[in-house]
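1. Quick one: sequence and predicted model below, then my questions.
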Amino acid sequence: MAVKTYALVTGGSRGIGRAICIALASELKYPVLINYQSNLAAAEETRDIIIAGGGEAELLRFDVSDQAETHAQLADWKDRHPESLIEVIVNNAGITRDGLFLWMEHDDWSNVIHTSLNGFYHVTKPLMQDLLRHRYGRIINIVSVSGVKGTPGQTNYSAAKAGLIGATKALAQEVAKRNVTVNAVAPGFIETDMTNKLDEKELKKLIPLNRFGKAEEVADLVCFLASKKAAYITGEVININGGIYS
């Protein structure tokens, strides 16, 4: 019996995560596991869009920053799908708690680190053995221009994403012999809920392409890295930022 392979997207209910879920289902025909933490309505909407387009999707609720909860939900899914495998992992979940470092509260530091960086560990580690046994897999970590160059007012977020970049490069070397690739995608300013409070008119002046990116453009890049066409790319950080930093 052939193994049914899935793609898991953390923080998949809205924004870039939603666009990635839809693209993986429509372009690569993966049944998609949409991870979300609290916004059930948004997660259901993402699932319904995929199903309406002829794809498959299911919801998987857990907080990536909570190791016990994450492991329990992934183990439960595996128990219910014994002949299936999560072949593509997109670590997209992240939060911001912006503020100058001088006045940054401990919770604002630790919560951002726990979600972006520890979340990668909590999700990826329990799935890794299956990928190595399967001798094929794609791990794609959504980082940020903040993790590449640092952004003032985002010392916590920059640290979390820079840590994820380091993890990407190291893990890629550990698992490459088993045909598992690990890459990072570093978006700049993308039109999402996370950026809708920013002064787009002023920030566009910093961007050579003179516009914010679209979530679908990030999703297209993720789809390429998740495909067999990207088989010889691993350990890379690919910027998608309109030329703001390279």
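-> Thanks, I have it.

2. contacts and neighbour counts: CA atoms only from here.
-> Noted.

3. which residues of this protein score low on pLDDT?
-> 1, 194-199, 245-246 (pLDDT under 70).

4. Quick one: the helices in it, in order.
-> 15-27, 40-52, 67-80, 106-113, 119-134, 145-149, 155-175, 200-203, 215-226 (DSSP state H).

5. From Glu83, how far out is Glu191?
-> For Glu191, the distance to Glu83 equals 38 Å [Cα to Cα, to the nearest Å].

6. Test my guess that Glu56 contacts Tyr30.
-> Yes. The criterion here is Cα atoms under 8 Å, and Glu56 meets it with Tyr30 at 7.4 Å.

7. The two: who's more crowded?
-> The residue with more neighbours, out of Glu56 and Tyr30, is Tyr30; 23 against 20, by other Cα atoms under 10 Å.

8. which residue is nearest the middle of this structure?
-> Closest to where the C-alpha atoms of the chain average out (Cα atoms, centre = their mean) is Asn92, at 2.0 Å.

9. That one contacts Ser13, correct?
-> No. Asn92 lies out of contact with Ser13 (Cα under 8 Å); the separation is 10.5 Å.

10. so what's the residue nearest to Ala219 when sequence neighbours are not counted up against?
-> Excluding its sequence neighbours, the residue lying closest to Ala219 (Cα to Cα, 6 or more residues apart in numbering) is Ile20, at 4.5 Å. Applying Cα atoms under 8 Å, 6 or more residues apart in numbering to Ile20 gives the contacts 9, 12, 215-216, 218-220, 222-223.

11. Leaving out sequence neighbours, find the closest residue to Val64.
-> Among residues not flanking Val64 along the chain, Gly119 sits closest, at 4.6 Å (Cα to Cα, 6+ apart).

12. what does Arg61 give?
-> Distance criterion Cα to Cα, 6+ apart; nearest residue to Arg61, sequence neighbours excluded, is Tyr36 at 5.1 Å.

13. burial measure for that neighbour, as a count.
-> 24.

14. Kindly report the same for Trp103.
-> As a burial measure, Trp103 scores 7 neighbours (other Cα under 10 Å).

15. Tell me the bridge partners for Ala57.
-> Val32 (DSSP bridges).

16. Surely it is in contact with Glu44?
-> No. In this structure Ala57 lies outside contact range of Glu44 using Cα under 8 Å: 9.6 Å.

17. Comparing those two, which shows the higher neighbour count?
-> Ala57 (24 against 17).

18. what residues are up against the more buried one?
-> With Cα under 8 Å, 6+ apart, Ala57 has these contacts: 25, 31-34, 47, 50-51.
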